[in-house]
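Student: Sequence first, then the predicted structure:
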Amino acid sequence: MDVKDLFKDEEKYIGKKVKISGWVRNHRKQKEFGFIDFSDGTCHKHLQVVYDDKLDDFDEIQKITVGSAIEVEGLIKESPAKGQKFEMQLENIKVLGTCPVDYPIQPKRHSDEFLREEAYLRARTNKYQAVFRIRSVAAYAIHKYFQERGYVYFNAPILTASDCEGAGEMFRVTTEDLNEIAKSKKYDPKKELFGKPVGLTVSGQLEAESWAMAYKKTYTFGPTFRAENSNTKFHANEFWMIEPEVAFCDLNGIMDIEEDCLKYIVKYVLDNCPDEIDLLDKFVSKGLREKLENVTKSKFVRITHKEVIDILKDAEKNGKKWEFKPEYGEDIAKEHETYITEYFKKPVFITDWPKDIKAFYMKLNSDGKTVAAADLEVPGIGELMGGSQREEDYDKLLDRMKELKMDTESYYWYLNLRKYGGCVHSGFGIGFERLLLYLTGVDNIRDVISYPRTPGNCEF
């Protein structure tokens, strides 16, 4: 059986004998008795195993070290200790795997920096066991949300010749001998396996749009890669993206879906990871539960980019000092995102962005200066989702690509989607790890990825 079964139906097992396999998280030894903090990883709670010197192998039990894998058998009985309803009175124990005394994960608080160096072991700590269980539950919630609403799951290609034009720097993939290229200083892309330069995907959006033109509603959920030398708390070179695309849907419609989707995921995690949220609320981010519960009850704000700049400039007139001066027609900085979410005290959609700072595929508004795009800013994280209505007009899209001096021939298929039964359609992207930062209160993306890939780090 599993430890989670005991906590799921506490009354059922009191007075019964059970057998469970797991690991020693802590071992407190006294002269005549001892306590083993036992976990099998199936739930956040641990089982206290109590033993005394009446056992024939008492001396051997006291030698069992932290980290060892064991099988325990004993009677589940009510506990006299505060904070736990029951414990196991040990009758038999078997060591299944020993652990040396220099085991790195001892029962004490470790720094995040230390645990990144021991990433293959950090899921054994309370904090990271909570974080990565939330990651698992949130991933399921995402699939559940879209599947229940008739979306078709689309697996975007990882190897691609498309860089989604401006989504980020691509990792290049080659089958050629790099040493030979370095010697000859010549590179012939036609010799590649695919007959052209290929890289790891930065986004599955363009391909997903083709599926939306067949299934009406589709979504991707998979790994993406950015070859950017960025060493911030919010960037990684390998991360996961959720990218839904919806036909016959305009910008307002896609914002409705984004808001509904985020609220669903947050509520699902709150309902299914209560112990994990409580632990993170207590030790990682005070007020986490309240923040997440407020999101599920809030009506998200919708405000234009121009209105945002108006607010930021008014704040400046009233004495607010900006590191980066807010300007019409320009992007907003992290400090601006933070101010806007604190100003409204809830998630905020910023819409109608200047076309010159947004991607080519976004629908041009009637003013000819802005596009039908929306970024969702959330407190503590900044941008969490980015969406837009896609340009459905063939000629306008072609003109925009030419304006940006793009290679339109290589995007012939994307343009043809507008010729062959094209329609109004919209989509958005969610950085999964950004979402996890929001759900857990953790402040560094390296700590919500099992084995983070960041500049200078590709361990494990």
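Tutor: Okay, I see it. Numbering: from 1, shown residues only.
Student: Tell me the spacing between Asp281 and Arg453.
Tutor: Remark: distance between Asp281 and Arg453 (CB to CB, to the nearest Å) = 29 Å. For the C-beta atoms, the positions are set from N, CA and C on the backbone; glycine is no exception.
Student: cool, and Met88?
Tutor: Separation of Met88 from Arg453 (CB to CB): 41 Å.
Student: Show me which of the two is the more surrounded one.
Tutor: Higher neighbour count among Met88 and Arg453: Met88, with 24 against 17, using other CB atoms under 10 Å.
Student: Could you pull out the buried residues of the strand or helix carrying the more buried one?
Tutor: Remark: Met88 resides in strand 86-97, with elements defined by DSSP states H and E. For strand 86-97, a neighbour-count test (16 or more other CB atoms under 10 Å) marks Phe86, Glu87, Met88, Leu90, Ile93, Val95 as buried.
Student: again with stretch 283-293
Tutor: Val284, Ser285, Leu288, Arg289, Lys291, Leu292.
Student: Surely the third one and Ile277 touch.
Tutor: Yes. Checked against CB atoms under 8 Å, the pair Leu288 and Ile277 is within contact range at 6.4 Å.
Student: any chance you could map the strands in the stretch 301-450 of the chain?
Tutor: Per DSSP state E, counting those that start in this stretch, the stretch 301-450 of the chain carries strands over the ranges 301-304, 348-354, 370-378, 382-390, 425-431.
Student: OK, contacts around Cys99?
Tutor: Residues in contact with Cys99, defined by CB atoms under 8 Å, 6 or more residues apart in numbering, are Val24, Thr65, Val66, Gly67, Ser68, Ala69.
Student: Roughly how far does the last one sit from Glu383?
Tutor: Looking back up the chat, that one is Ala69. As judged by CB to CB, Ala69 and Glu383 stand 43 Å apart.
Student: With the second one instead?
Tutor: Taking CB to CB as the measure, Thr65 falls 46 Å from Glu383.
Student: where are the low-confidence patches of this protein?
Tutor: 164-168 (pLDDT under 70).
Student: Any idea what the residue lying closest to His46 once chain neighbours are set aside is bridged to?
Tutor: The shortest distance from His46 to any non-neighbouring residue, by CB to CB, 6 or more residues apart in numbering, is to Ser39 (4.8 Å). Beta-bridge partners for Ser39, by DSSP bridges, are Trp23.
Student: returning to that earlier point: of the strands of the stretch 301-450 of the chain, which is nearest Met213?
Tutor: In terms of CB to CB, the element of those nearest to Met213 is strand 425-431, at 7.4 Å.
Student: Columns secondary structure, neighbour count and distance to Leu404 on top of the contacts of Cys99, output as JSON lines?
Tutor: Below are the contacts of Cys99 laid out as JSON lines (DSSP: H, G, I helix; E, B strand; the rest coil; neighbours: other CB atoms under 10 Å; distance: CB to CB, whole Å):
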{"residue": "Val24", "secondary structure": "strand", "neighbour count": "22", "distance to Leu404": "60"}
{"residue": "Thr65", "secondary structure": "coil", "neighbour count": "15", "distance to Leu404": "62"}
{"residue": "Val66", "secondary structure": "coil", "neighbour count": "17", "distance to Leu404": "59"}
{"residue": "Gly67", "secondary structure": "coil", "neighbour count": "21", "distance to Leu404": "56"}
{"residue": "Ser68", "secondary structure": "coil", "neighbour count": "18", "distance to Leu404": "61"}
{"residue": "Ala69", "secondary structure": "strand", "neighbour count": "15", "distance to Leu404": "58"}
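Student: His27: which element?
Tutor: Taking DSSP H and E as the criterion, His27 maps to strand 17-29.
Student: Restricting to C-alpha, output that strand in CSV.
Tutor: In CSV, the C-alpha atoms belonging to strand 17-29 read as follows (Å, rounded to 0.1, in the frame of the first residue of the first chain):
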residue,chain,number,x,y,z
LYS,A,17,-1.4,-3.9,10.5
VAL,A,18,0.1,-2.6,7.2
LYS,A,19,3.3,-3.0,5.2
ILE,A,20,4.8,-0.1,3.2
SER,A,21,8.1,0.6,1.4
GLY,A,22,9.8,4.0,1.3
TRP,A,23,12.7,6.1,2.6
VAL,A,24,14.0,7.4,5.9
ARG,A,25,13.7,11.2,5.9
ASN,A,26,14.8,11.5,9.5
HIS,A,27,15.8,9.2,12.3
ARG,A,28,15.7,10.3,15.9
LYS,A,29,17.3,7.8,18.3
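Student: So which other helices or strands are in contact with it?
Tutor: Packing partners of strand 17-29 (3 or more CB pairs under 8 Å, 6 or more residues apart in numbering; DSSP states H and E): helix 3-8, strand 33-39, strand 69-78, strand 86-97.
Student: Let's have the ones you listed in JSON lines, adding distance to Ile350.
Tutor: Below are those laid out as JSON lines (distance: least, CB to CB, whole Å):
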{"stretch": "helix 3-8", "distance to Ile350": "42"}
{"stretch": "strand 33-39", "distance to Ile350": "44"}
{"stretch": "strand 69-78", "distance to Ile350": "51"}
{"stretch": "strand 86-97", "distance to Ile350": "51"}
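Student: among these, which is nearest Cys249?
Tutor: The closest of these to Cys249 is helix 3-8. By CB to CB, the value is 40.2 Å.
Student: ok, of the buried residues of stretch 283-293, which one's closest to Phe146?
Tutor: Leu292 (20.6 Å).
Student: measure the closest one to Lys31 for me?
Tutor: Leu292 sits 46 Å away from Lys31 when distances are taken as CB to CB.
Student: Ok, Tyr145 next?
Tutor: Distance from Tyr145 to Lys31, by CB to CB: 55 Å.
Student: So between the two, which is more surrounded?
Tutor: The residue with more neighbours, out of Tyr145 and Lys31, is Tyr145; 21 against 7, by other CB under 10 Å.
Student: Let me know the helix or strand that that one is in.
Tutor: Going by DSSP H and E, Tyr145 is part of helix 126-148.
Student: Which of the three states applies to Asn155?
Tutor: coil (DSSP: H, G, I helix; E, B strand; the rest coil).
Student: er, Gln106 I mean
Tutor: Three-state call for Gln106 (three-state DSSP): coil.
Student: Which residues are in contact with it?
Tutor: Applying CB under 8 Å, 6+ apart to Gln106 gives the contacts Val66.
Student: Touching, Thr65 and Gly97? I think so.
Tutor: No. Using CB under 8 Å, Thr65 is not in contact with Gly97; the gap is 10.7 Å.
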